[in-house]
Each structure stands twice: as C-alpha cells, then as structure tokens.
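> Compute the structure for the input listed below.
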Amino acid sequence: MSRSTGKLIREGLIWSTLGVLLSAALVAAVGCLAYRKSVTLEMSWKRGDYRYGPNFIHLESACLSNPVPGCFCSLDITDTSKEFADYVESFGRNGVPVKFYVDYDRNHEVVGAILEGVAEWPEERFHIKERSLGTGFRMLPNKRPSGGHLNNPADCFPKSVK
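Numbering: from 1, shown residues only. Purely as a prediction, here's the structure:
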C-alpha cells in the first residue's frame, strides 16, 4: 500500500467516524423532544427602519409566560419585499397572526421555536435568519425596575400544553 493510499484511508476513517458521532449526538438531542405544536401569536407591527428601509417589518407581542412588566417577544423581517410590507400593513391596527413551530420536552416546557408563517405567508418566503424569535425587556414609565430573567423562546409561549 502506498503512503498516499494509507493517508487517504486514515483521513477517510476519521471523517466518517466523526460524522457518525455527530449524527448520534443529534439523534440523542432530538430524542429529548416530546412533541412539536403549531402556536399562533398575535403580534403588533411597525413598518420601516432607517437602516433596512421602508419595507422593514418589526413584529412584537408581550411575553405569555413571563410576568415581569416590559417583557416582549419580537421578530424582525429585514429582507422583505414591498408586497409583504403592504400585506402586513393591510392588517391596520389589528394584530398580525404569526405562527411558530414550538418544540416541547417531556415536561411540557418549551425548548425551541421557529417561524412557521406570518398569516398566509409560509416560512419558505423568509430568509432563515428571519425565522428566530427574540425576547427582551423594556423600561416602562411609572414601573420600578426589577430584575428579570429571560428564557428565550419559552417566555413567548404558554408554559405547558398537554
């Protein structure tokens, strides 16, 4: 066996073994999930941004599982078309129904969420970087600041769904 053939076999075995180990770790992690459910949040919207332009859409709702005042969940759609921005604007002052695939563990706790669609617009129409939900705190007038703990994205959804 030549030296290059031996090297090729060793390197091939190393990468194959690493691939099997990573696949096993992924299967083990996914095995912790009990179920996935589609959950809709009614989100307020704001159009336009100095950085991203007039078709930027910011979607926001209050946290459903975090009682701390000022807790919010948000989704920013930056790579959007005028068509989509006009569509969101057509909701007027009403909230926009935003659907998420929500993953729950065996204890019915939220362990993940990703965008399923905005009203009738499916997830495929959005860039992958726009499908994650963010959480944050905002200072509210006449409210004493208190310490808060964020559990993203669990704070955005009902605590347990059975």
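> Would you mind measuring from the most centrally placed residue in the chain to F91?
Nearest to the geometric centre of the chain sits S132, at 2.5 Å (C-alpha atoms, centre = their mean). Distance, S132 to F91, using C-beta to C-beta, to the nearest Å: 22 Å. The C-beta positions use only the backbone N, C-alpha and C, and glycine is treated the same way.
> G117 now?
Taking C-beta to C-beta as the measure, G117 falls 14 Å from F91.
> These two - which one has more neighbours?
G117 (19 against 15; other C-beta atoms under 10 Å).
> partners of that one in the sheet?
Counting by DSSP bridges, G117 forms beta bridges with K99, P122.
> ok, now which ones touch it?
Applying C-beta atoms under 8 Å, 6 or more residues apart in numbering to G117 gives the contacts 98-99, 123.
> pLDDT score for it?
You'll see G117 listed with a pLDDT of 94.
> and the gap between it and L41?
Distance from G117 to L41, by C-beta to C-beta: 12 Å.
> if I look at those two, which residues touch both of them?
V98.
> Please, where are all the helices along the chain?
Counting by DSSP state H, the segments of the chain that form helices are 3-30, 82-89.
> Surely F91 touches M43?
No - assessed by C-beta atoms under 8 Å, F91 is found out of contact with M43, at 9.8 Å.
> which strand is the longest one in the protein?
strand 33-49 (DSSP state E).
> Just checking: what are the partner strands of it?
Here strand 33-49 has these sheet partners by DSSP bridges: strand 53-62 (antiparallel), strand 96-105 (antiparallel).
> Turn those strands into CSV, columns for distance to A34 and mean pLDDT.
Below are the strands paired with strand 33-49 laid out as CSV (distance: least, C-beta to C-beta, whole Å; pLDDT from 0 to 100):
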stretch, distance to A34, mean pLDDT
strand 53-62, 25, 94
strand 96-105, 6, 95
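> Noted, bye for now.
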